[in-house]
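Student: Pasting a predicted model and its sequence here:
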Amino acid sequence: MYNMQKEGMKKLSSYRITILRTIIQIISFLLIFGGAFGLAHTFIVLPIMAPAGNPYTTVAGAWQLFEIMITAAIFPFLALAVILIASITVGRFFCGWVCPFGFISDVVSYVGKKKRVSFKVNDSLYEFALFIAILFLFIDFSIGYRQAIGASIYDYFGDFAREPFSIIDPTSTLFSMLFWYFYLEKYPKSFEDFIYLIEYPHAFWIRVILLLLAILLNLYIPRWWCRWICPLGAIKGIGSRYKLVKVWIDGKRCIGEKCALCEKACPMGVPILQYKDKGHIAHPLCISCLRCAEVCPYRAIRVKI
């Protein structure tokens with residue numbers, strides 16, 4: 001019995017960083033949506049995806065604030081500053097430790113049967129996330145410019161004129177659109193009501209399908225949305241190469257491909273061993289979750305300023 005308890009404690013301690021990160025993610029989730037518990041809204045802007053349309057959020061997501069201000073022809077000084085400062089100080093840390101959808105993705109991936117994607121494909125699909133970011137930045141600035149010159153094109157975008165990315169954003173769908181559907185009791189209240197679901201707008205079904213894909217595909221590919229679609233993550237990935245708080249790999253301790261436990265454990269598919277002789281794991285997909293440091297038997301990975 002004693003040996004079993006000792007073995008259990010040893011196994012539990014091997015997940016100490018994951019346990020700490022999960023606790024912080026839970027606390028962050030509760031604080032971000034703290035309005036449901038009576039917390040007041042704040043003027044804090046965080047470099048995460050958090051919908052502006054939920055009355056119970058206590059903070060503003062930097063990407064959502066950026067879109068709202070740009071499409072209203074207001075320069076988004078605060079949103080840009082938050083994204084820039086976060087990128088060059090802690091990189092994508094907030095993606096791994098605070099973002100509510102990142103937390104949901106992690107929870108789902110814990111019970112899934114994971115499939116590995118090659119590093120080449122993973123990096124190429126990160127470039128697709130950059131394309132998504134550039135595309136929606138172009139749309140945002142186009143709407144804002146037309147607004148500034150008094151030739152509004154809001155009507156062309158309908159409900160998505162202020163936040164164009166919200167049409168495919170799972171956080172906006174889950175925490176804003178679906179919230180209001182339930183809050184206003186527009187959901188089917190009886191079996192007969194289900195037939196009227198076909199009368200819901202096409203945009204509703206597009207958003208629901210994308211939300212389900214964004215969540216359920218985590219069963220096979222952890223954080224696939226964060227890696228290959230999220231525009232905020234893609235932008236922060238550019239600056240995170242130069243971040244001050246780095247995840248560092250000691251080439252003298254690491255034995256490379258003979259072990260590779262770090263790469264197998266990484267939820268973002270980062271080719272960690274490529275940085276063995278460079279030190280700083282300067283990859284745009286690194287979210288500083290420290291899972292690599294947790295599983296390394298040689299203690300070759302650590303945080304360094």
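Tutor: Good, I have the coordinates. Numbering: from 1, shown residues only.

Student: so what's Ala86 closest to, chain neighbours aside?
Tutor: Take Ala86 and drop its neighbours on the chain: the residue closest to it by CB to CB, 6 or more residues apart in numbering is Pro47, 3.9 Å away. C-betas here are computed from N, CA, C, even on glycine.

Student: surely that neighbour meets Ile88?
Tutor: No - contact criterion CB atoms under 8 Å: Pro47 and Ile88 do not qualify, at 11.3 Å.

Student: In terms of neighbours, single out the busier of the two.
Tutor: A direct count of neighbours by other CB atoms under 10 Å for Pro47 and Ile88 places Pro47 higher, at 27 against 16.

Student: pLDDT score assigned to the more buried one?
Tutor: pLDDT for Pro47: 96.

Student: got it, and Ala214?
Tutor: Confidence score, pLDDT, at Ala214: 95.

Student: Now do it: how many residues are near it, please.
Tutor: 24.

Student: what does Ala260 give?
Tutor: If we define neighbours as other CB under 10 Å, then Ala260 has 13 of them.

Student: helix, strand or coil for the residue nearest to it when sequence neighbours are not counted?
Tutor: Leaving aside its sequence neighbours, Ala260 sits nearest to Leu273 (CB to CB, 6+ apart; 6.4 Å). Counting by DSSP: H, G, I helix; E, B strand; the rest coil, the backbone at Leu273 sits in helix.

Student: What of the one 5 residues further on?
Tutor: Of the three states, Lys278 takes coil according to three-state DSSP.

Student: ok, it to Lys252 distance?
Tutor: According to CB to CB, to the nearest Å, Lys278 and Lys252 sit 13 Å apart.

Student: now Ile209
Tutor: 49 Å.

Student: Those two: which is more packed in?
Tutor: Ile209 (11 against 8).

Student: Name the residues of the helix or strand containing the more buried one that are buried.
Tutor: In this structure, Ile209 sits in helix 202-216 according to DSSP states H and E. By neighbour count with 16 or more other CB atoms under 10 Å, helix 202-216 contains the buried residues 204, 207-208, 210-211, 214-215.

Student: on that earlier part again, now for the residue nearest to Ala86: which residues touch it?
Tutor: 62, 82-83, 86-87, 94, 232, 236 (CB atoms under 8 Å, 6 or more residues apart in numbering).

Student: 6 Å - rerun?
Tutor: 62, 82-83, 86, 94 (CB atoms under 6 Å, 6 or more residues apart in numbering).

Student: Pull the number of nearby residues for the closest residue to Ala282 other than its chain neighbours.
Tutor: Computed as CB to CB, 6+ apart, the closest residue to Ala282 that is not its neighbour in sequence is Arg241, at 4.5 Å. Burial of Arg241 is recorded as 16 neighbouring residues (other CB under 10 Å).

Student: Could you do Arg162 as well?
Tutor: For Arg162, the tally of surrounding residues (other CB under 10 Å) stands at 19.

Student: isn't it right up against Ala73?
Tutor: No - with contact defined as CB atoms under 6 Å, Arg162 does not reach Ala73; the gap is 11.5 Å.

Student: out of the contacts of Pro47, which are inside helices?
Tutor: Counting by DSSP state H, the part of the contacts of Pro47 found in helices is 62, 82-83, 86, 94.

Student: which residues in the stretch 51-200 of the chain form strands?
Tutor: Assigned by DSSP state E, counting those that start in this stretch, the strands in the stretch 51-200 of the chain fall at 60-61.

Student: just to revisit the earlier point, okay if I get the buried residues of helix 202-216 as JSON lines plus distance to Tyr145?
Tutor: As requested, those are arranged in JSON lines below (distance: CB to CB, whole Å):
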{"residue": "Phe204", "distance to Tyr145": "29"}
{"residue": "Arg207", "distance to Tyr145": "27"}
{"residue": "Val208", "distance to Tyr145": "32"}
{"residue": "Leu210", "distance to Tyr145": "28"}
{"residue": "Leu211", "distance to Tyr145": "31"}
{"residue": "Ala214", "distance to Tyr145": "30"}
{"residue": "Ile215", "distance to Tyr145": "35"}
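
Student: Next, give me the two most distant ones among these.
Tutor: Greatest spatial distance in the buried residues of helix 202-216: Phe204 and Ile215, 16.8 Å, computed using CB to CB.
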